[in-house]
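Peer 1: Return a 3D structure for these sequence lines:
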Amino acid sequence: MADLLNQVAECITRQGLIHHGETVVVAVSGGLDSMVLLHLLHRLSRAANWRLVVAHFNHQLRDRASDADEAFVRRAAERLGWPCVTGRAKIGREAKTRRLSIEMAARECRHAFLAQTARLNNAGAVALAHHADDQVETFFLRLLRGAGGTGLAGMKFASPSPADVTIQLVRPLLTISRAELEAFARRHRIRFREDASNARTDVPRNRLRHEFLPRLRQFQPALDKIVLRTMELVGDDAEFADETARRWLHSRRRRPFAGLVVALQRRVLQTQLRDLGVEPGFDCVEQLRVTAPTPITVKPDLLVWRDATGIVHANRAERPAFDSAAKDVVLAGQRGEIEFAATRFRWSVTADGPPARRLRTVDGRELFDADRVGRRIVLRHWQPGDRFQPIGLGRATKLQDLFTNARVSPAERRRRVVAATTDGTIFWVEGLRIGERFKLTAGTQHRLIWRWTRETAGSSVESAGAPC
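Peer 2: Numbers count the residues shown, from 1 in each chain. Alright, predicted model coming up:
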């Protein structure tokens with residue numbers, strides 16, 4: 001196991017990750033990877049005169065288990081004689097408030113904490129425990145998402161922190177496999193905590209790790225070696241392309257954009273989009289490359305376009321405000337009529353369920369289980385954080401994503417009417433499918449017939465009930 005220690009020491013020296021006498025923050029979750037990293041750096045610290053600061057971020061996603069992880073890391077740091085700094089945040093609440101995925105919210109909060117810890121301790125580097133297996137998984141995850149050369153190159157030994165570019169994230173274990181880390185932990189009796197969520201196959205990375213990659217390794221036992229070599233080659237090519245694109249952009253006498261090879265045209269556009277804080281997806285880059293002066297909406301408040309010389313310009317557009325208008329409605333009696341947001345609604349309740357006479361499907365009319373909807377509803381507009389489960393979908397999803405998939409413009413989606421029950425559950429969105437929980441079933445006793453007509457410029461227009 002001395003070989004592993006020497007391998008990590010050589011990597012740190014060769015890549016210039018941690019300098020002699022430096023203070024380094026070590027991100028420790030309590031799992032196998034980070035605990036082995038901590039012990040390796042601890043063993044190397046005396047000769048290198050490093051000062052380690054153990055940093056643990058509690059995501060508060062697993063209740064008592066999360067608190068137990070924090071206590072475990074504190075005790076481990078104390079036994080090794082290093083200070084321990086902890087941070088915490090209710091990531092579930094953060095994700096909802098900031099309208100991010102759990103993974104993205106956790107990543108942003110964690111990096112902000114690590115960067116702050118580094119600043120407070122005058123540390124120029126934060127050591128992370130990413131290893132070779134993580135690289136292979138990242139390659140396939142990004143490949144399946146359609147990443148280009150830069151993305152497929154994977155993680156680097158050192159890169160700027162996304163929370164503070166003056167702080168370097170260093171990864172001394174990138175060439176080490178998980179099996180080697182496990183063997184080192186067994187031999188040196190390094191204790192660690194298992195995160196039960198790592199076994200959940202509904203998480204893409206876990207499913208890739210436990211199901212997809214084992215099968216590929218049966219087909220190609222040298223898979224990891226081949227993928228890591230491919231990542232290195234792709235990364236070198238990507239760096240060359242990036243450097244060439246930068247040189248072209250900064251040149252005073254550059255070749256015409258139209259005369260560049262297609263690959264370099266794309267890289268020039270990708271580089272400029274990244275500088276604007278825009279993820280350069282293939283479709284966006286191709287639109288800019290082929291249709292020069294046509295503006296493209298890349299964010300709700302950002303338009304970009306390319307001029308004839310190949311330079312990308314941006315313009316911040318005013319984001320349309322959310323309409324907070326709402327109306328409480330009581331579906332009293334057998335039928336009724338009401339107006340809201342320039343839209344006329346007519347409804348009726350019948351005592352026959354689906355086995356009885358069926359109504360043909362027409363635009364501007366939907367059928368619901370009246371008992372599930374209830375007698376009191378709320379008519380309103382789309383609001384931040386709204387989620388909706390259309391019929392046929394297994395779970396609720398962001399209404400914003402449904403609008404995007406249905407190609408509803410930002411202005412139009414704010415005009416459309418939403419109907420919700422008294423507990424806030426959306427059962428109807430103008431122009432989309434009805435809610436899964438409110439569809440007619442064999443057990444339906446009362447049927448709600450829902451009709452709507454939008455008034456426009458003195459005339460009435462039947463609203464479309466097209467599926468998203």
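Peer 1: Identify the residues contacting residue 264.
Peer 2: Applying Cβ atoms under 8 Å, 6 or more residues apart in numbering to residue 264 gives the contacts 241, 244, 245, 248. (C-beta placed from N, C-alpha, C; glycine too.)
Peer 1: Using a markdown table, please lay out the residues you listed together with secondary structure, pLDDT and distance to residue 270.
Peer 2: As requested, the contacts of residue 264 are exported to a markdown table (DSSP: H, G, I helix; E, B strand; the rest coil; pLDDT from 0 to 100; distance: Cβ to Cβ, whole Å):
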| residue | secondary structure | pLDDT | distance to residue 270 |
| --- | --- | --- | --- |
| 241 | helix | 92 | 9 |
| 244 | helix | 95 | 12 |
| 245 | helix | 94 | 8 |
| 248 | helix | 95 | 12 |
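Peer 1: Give me the mean pLDDT for the strand ranked longest in the chain.
Peer 2: Taking DSSP state E as the criterion, the chain has its longest strand at strand 447-456. Regarding strand 447-456, the rounded mean pLDDT is 84.
Peer 1: cool, stretch 71-89 as well?
Peer 2: For stretch 71-89, mean pLDDT is 95.
Peer 1: With stretch 396-412 instead?
Peer 2: Mean predicted confidence for stretch 396-412 is 83.
Peer 1: Would you indicate which residues of that stretch are buried?
Peer 2: By 16 or more other Cβ atoms under 10 Å, the buried positions in stretch 396-412 come out as 396, 399, 400, 402, 403, 408.
Peer 1: ok, now stretch 271-288?
Peer 2: By 16+ other Cβ under 10 Å, the buried positions in stretch 271-288 come out as 271, 272, 273, 278, 280, 281, 284, 285, 287, 288.
Peer 1: which pair in these spans the largest distance?
Peer 2: 271 and 287 (16.5 Å; Cβ to Cβ).
Peer 1: measure residue 367 to residue 435 for me?
Peer 2: To residue 435, residue 367 is 12 Å away according to Cβ to Cβ, to the nearest Å.
Peer 1: Looking at those two, which has the bigger crowd around it?
Peer 2: Neighbours per residue, other Cβ atoms under 10 Å: of residue 367 and residue 435, the larger number sits with residue 435, 26 against 19.
Peer 1: quick one, what contacts the more buried one?
Peer 2: So residue 435 contacts 368, 388, 389, 390, 391, 425, 426, 427, 428 (Cβ under 8 Å, 6+ apart).
Peer 1: May I have the secondary structure class of the first one?
Peer 2: Secondary structure state of residue 368, per DSSP: H, G, I helix; E, B strand; the rest coil, is strand.
Peer 1: Can you get me the start-to-end distance on stretch 286-294?
Peer 2: Stretch 286-294 has an end-to-end distance of 12 Å (Cα to Cα, to the nearest Å).
Peer 1: Could I get the average pLDDT for it?
Peer 2: On average, stretch 286-294 scores 85.
Peer 1: Now render the buried residues of stretch 271-288 as CSV, adding secondary structure.
Peer 2: Below are these laid out as CSV (three-state DSSP):
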residue, secondary structure
271, helix
272, helix
273, helix
278, coil
280, coil
281, coil
284, helix
285, helix
287, helix
288, helix
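Peer 1: which of those lies closest to residue 156?
Peer 2: The nearest member of the buried residues of stretch 271-288 to residue 156, counting by Cβ to Cβ, is residue 271 at 17.2 Å.
Peer 1: for residue 279, what are its contacts?
Peer 2: residue 273.
Peer 1: and if you look at residue 172?
Peer 2: With Cβ under 8 Å, 6+ apart, residue 172 has these contacts: 8, 11, 12, 17, 18, 37, 40, 41, 127, 157.
Peer 1: May I have the secondary structure class of the fourth one?
Peer 2: This means residue 17. Per three-state DSSP, the secondary structure class of residue 17 is coil.
Peer 1: And the buried residues of stretch 271-288, which is closest to residue 220?
Peer 2: Checking those against residue 220 with Cβ to Cβ, the nearest one is residue 281 at 30.0 Å.
Peer 1: Leaving out the residues flanking it, which one is nearest to that closest one?
Peer 2: Leaving aside its chain neighbours, residue 281 sits nearest to residue 146 (7.9 Å; criterion: Cβ to Cβ, 6 or more residues apart in numbering).
Peer 1: how many other residues sit next to residue 252?
Peer 2: Neighbours of residue 252 (other Cβ under 10 Å): 4.
Peer 1: so it is in which element?
Peer 2: Taking DSSP states H and E as the definition, residue 252 sits outside all helices and strands.
Peer 1: so how far is the first residue of stretch 206-213 from its last?
Peer 2: Length of stretch 206-213, first residue to last, Cα to Cα: 10 Å.
Peer 1: Would you mark the buried spots in that stretch?
Peer 2: 208, 209, 213.
Peer 1: where do the helices sit along the stretch 1-150 of the chain?
Peer 2: Remark: helices assigned in the stretch 1-150 of the chain by DSSP state H, counting those that start in this stretch are 2-15, 32-48, 64-80, 91-98, 102-120, 132-144, 149-152.
Peer 1: What confidence value was assigned to residue 376?
Peer 2: For residue 376, the predicted pLDDT is 92.
Peer 1: residues touching it, list them.
Peer 2: 328, 329, 330, 331, 421, 422.
Peer 1: Tell me the buried residues within the residues you listed.
Peer 2: 329, 331, 421.
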